[in-house]
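K.L.:
structure for the following, please:
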Amino acid sequence: MTVDLHGVYLEDAKDLLLNWLDHAQPGITELRVIHGSNRGTVLRDMVREELSHPKIKGKLPTLNPGETRLILK
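P.N.:
Coordinates of the predicted model:
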């Protein structure tokens, strides 16, 4: 699954991700979050450092600096 946060404000992006995680189907093991990196790092930092949810098992940066993989339980 993929969520694209381009053009989304910080609080809205956080709410969107938390809502998605709350309603994620049990068989989904990974969420690819595209947050961008060219116009700042606010969304990237929120996803990689601040975002917390019981379904998140781990966070993996990718070779693309504008993307983070969330590994789910």
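K.L.:
element containing the residue positioned nearest the centre of the chain?
P.N.:
What sits nearest the mean C-alpha location of the chain, by Cα atoms, centre = their mean, is residue 33, with 4.1 Å. Under DSSP states H and E, the secondary-structure element containing residue 33 is strand 30-34.
K.L.:
what's that strand packed up against?
P.N.:
In terms of contacts (3 or more Cβ pairs under 8 Å, 6 or more residues apart in numbering; DSSP states H and E), strand 30-34 is packed against strand 2-4, helix 10-22, strand 67-72. All C-beta atoms are positioned from the backbone trio N, CA, C, and that covers glycine.
K.L.:
just want the angle from that strand to strand 67-72.
P.N.:
160 degrees (axes from the mean of the first three to the mean of the last three Cα atoms, to 10 degrees).
K.L.:
residue ranges with poor pLDDT in this structure?
P.N.:
Judged by pLDDT under 70, the chain has no weakly predicted residues.
K.L.:
quick check: phi and psi at residue 45.
P.N.:
When read as degrees, to the nearest 10, the backbone of residue 45 gives phi -60, psi -40.
K.L.:
distance of it from residue 51?
P.N.:
Here the criterion is Cβ to Cβ, to the nearest Å. By it, residue 45 lies 10 Å from residue 51.
K.L.:
swap in residue 28?
P.N.:
Shown here: residue 28 relative to residue 51, a distance of 16 Å by Cβ to Cβ.
K.L.:
the more surrounded of the two?
P.N.:
Taking neighbours as other Cβ atoms under 10 Å, residue 28 and residue 51 compare with residue 51 leading, 18 against 12.
K.L.:
ok, that one touching residue 14?
P.N.:
Yes: A contact is recorded between residue 51 and residue 14 when judged using Cβ atoms under 8 Å, the distance being 6.8 Å.
K.L.:
between these two, what contacts are shared?
P.N.:
Residues touching both residue 51 and residue 14 by Cβ atoms under 8 Å, 6 or more residues apart in numbering: none at all.
K.L.:
picking up where we left off before, who does the strand holding residue 33 pair up with?
P.N.:
When pairs are called by DSSP bridges, strand 30-34 turns out to pair with strand 2-4 (parallel), strand 67-72 (antiparallel).
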